[in-house]
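[1] sequence unavailable; structure follows:
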């Protein structure tokens, strides 16, 4: 396994990611998750009552990166509990089989109301951040200085958490949604008639404030996109050697155009796509099929 530096040392976003989340958004998401999990009565709450208890948050996946603590805390704040963190956001939780990560205190029934929504969020967010740190470490070891990026292949209703986790893990979020940047994919091109026509139509809408990216399946399509005024040319599903040649040629002809590699790139083959002519590498595996970090919350027996 790659050795992962603490993400706070790796990521330019390290000190600001949590500050980018609006407080009202944290509150809204926490309420939605709690309402989904307990839409009506909570019969089990009768069994435990309202006595004050303490629960320990345990991480059982060594060498993981902690991400999602603002969301975890927001859930417990909504049910009147407090959270004291032992590890901070972005820190590497190491190396023991079980590591005490935080302590939650509050009414027993309320603490158990928040348990599952909070753990689900933390497990998923930390899994994404951990994978991002591993990928970023590969880029550093490989001497590649471009940007690794996520994609829009996110879980419906959970995109903000997943994109935030990428920041904690030290990589770019790419575009957040369809409104954030223009990406002209194959279906857009076919519906428009040509790459040139599609770029021209997009330029008439987005003005100066949004970049235009075009998904290209060949070097010739990349050349047409760049000539039409695209800011970013995505070389999609290229084999590594073909990618390197196409990226070199496009950079030679259009030095200001950003080149993105995407499609079929995984942690296993990522190093094959590193090139001085490739500015961005985007990977859907950051969110799709990403392992989660195993957390549990254990209420302590009263003495």
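    Now that the structure is in, tell me what you want to look at. Treat the numbers as computed from the prediction; the structure is a model and nothing was measured.

[2] show me where pLDDT drops low in the chain?
    1-15, 303 (pLDDT under 70).

[3] grab the longest helix from it for me.
    Among the segments of the chain that qualify as a helix by DSSP state H, the longest is helix 108-141.

[4] now that one: buried residues?
    108-115, 117-139 (16 or more other C-beta atoms under 10 Å). From N, CA and C alone the C-beta is placed, and that goes for glycine too.

[5] same check, this time on stretch 234-253
    234, 235, 236, 238, 240, 243, 244, 246, 247, 248, 250, 251.

[6] which of the residues you listed fall in strands?
    Taking DSSP state E, the ones among the buried residues of stretch 234-253 that sit in strands are 234, 235, 236.

[7] closest to residue 183 out of those residues?
    When those are ranked by distance to residue 183 (C-beta to C-beta), residue 234 comes first, at 7.7 Å.

[8] give me the beta-bridge partners of that closest one?
    residue 215, residue 260 (DSSP bridges).

[9] and it, what does it touch?
    Residue 234 makes contacts with 183, 213, 214, 215, 216, 260, 261, 262, 282, as judged by C-beta atoms under 8 Å, 6 or more residues apart in numbering.

[10] and residue 268, that one's in a helix?
    No - secondary structure assignment places residue 268 outside any helix; it is coil (DSSP: H, G, I helix; E, B strand; the rest coil).

[11] relative to residue 277, how far out is it?
    With distances taken as C-beta to C-beta, to the nearest Å, residue 268 is found 22 Å from residue 277.

[12] more crowded one of these two?
    residue 277 (17 against 8; other C-beta atoms under 10 Å).

[13] circling back: in helices only, show me the buried residues of stretch 234-253.
    In helices, judged by DSSP H, the following of the buried residues of stretch 234-253 are found: 240, 243, 244, 246, 247, 248, 250, 251.

[14] quick check, nearest of these to residue 102?
    The shortest approach to residue 102 among those belongs to residue 240, at 42.4 Å (C-beta to C-beta).

[15] hmm, the closest one is touching residue 274, no?
    No - with contact defined as C-beta atoms under 8 Å, residue 240 does not count as touching residue 274 (9.1 Å).

[16] let me know the helix or strand that residue 84 is in.
    strand 82-85 (DSSP states H and E).

[17] identify the residue spatially nearest to residue 130, adjacent ones excluded.
    Among residues not flanking residue 130 along the chain, residue 65 sits closest, at 4.5 Å (C-beta to C-beta, 6 or more residues apart in numbering).

[18] what values do phi and psi take at the one you found?
    Backbone geometry at residue 65, expressed as degrees, to the nearest 10, gives phi -100, psi 130.

[19] let me see the contact set for residue 214.
    Per C-beta under 8 Å, 6+ apart, neighbours of residue 214: 183-184, 189, 195, 198-199, 221-222, 225, 228, 230, 232-234.

[20] look up how far residue 247 lies from it.
    Counting by C-beta to C-beta - residue 214 and residue 247 are separated by 14 Å.

[21] now swap in residue 210 and tell me
    Counting by C-beta to C-beta, the gap from residue 210 to residue 247 is 23 Å.

[22] what of residue 70?
    Noted for residue 70: a distance of 38 Å to residue 247, by C-beta to C-beta.

[23] what's the answer for residue 179, then?
    28 Å.

[24] same thing with residue 187?
    Distance of residue 187 to residue 247, computed by C-beta to C-beta: 24 Å.

[25] just to revisit the earlier point, give the next helix or strand downstream of the longest helix of the chain.
    strand 147-149.

[26] how far does that next one sit from the chain's center?
    11 Å (C-alpha atoms, centre = their mean, to the nearest Å).

[27] name the residues that touch that strand?
    Identification of contacts with strand 147-149 by C-beta under 8 Å, 6+ apart yields 132, 135-136, 139, 171-174, 260, 279-283.

[28] ranges for the strands of the stretch 151-300 of the chain?
    Under the criterion DSSP state E, counting those that start in this stretch, the stretch 151-300 of the chain contains strands at 182-184, 212-216, 232-236, 258-262, 280-282, 295-299.

[29] list the buried residues for the last one?
    Spelled out, it's strand 295-299. Buried residues in strand 295-299, counted by 16+ other C-beta under 10 Å: 295, 297.

[30] tell me the angle it makes with helix 108-141.
    Orientation check (axes from the mean of the first three to the mean of the last three C-alpha atoms, to 10 degrees): strand 295-299 against helix 108-141 gives 150 degrees.
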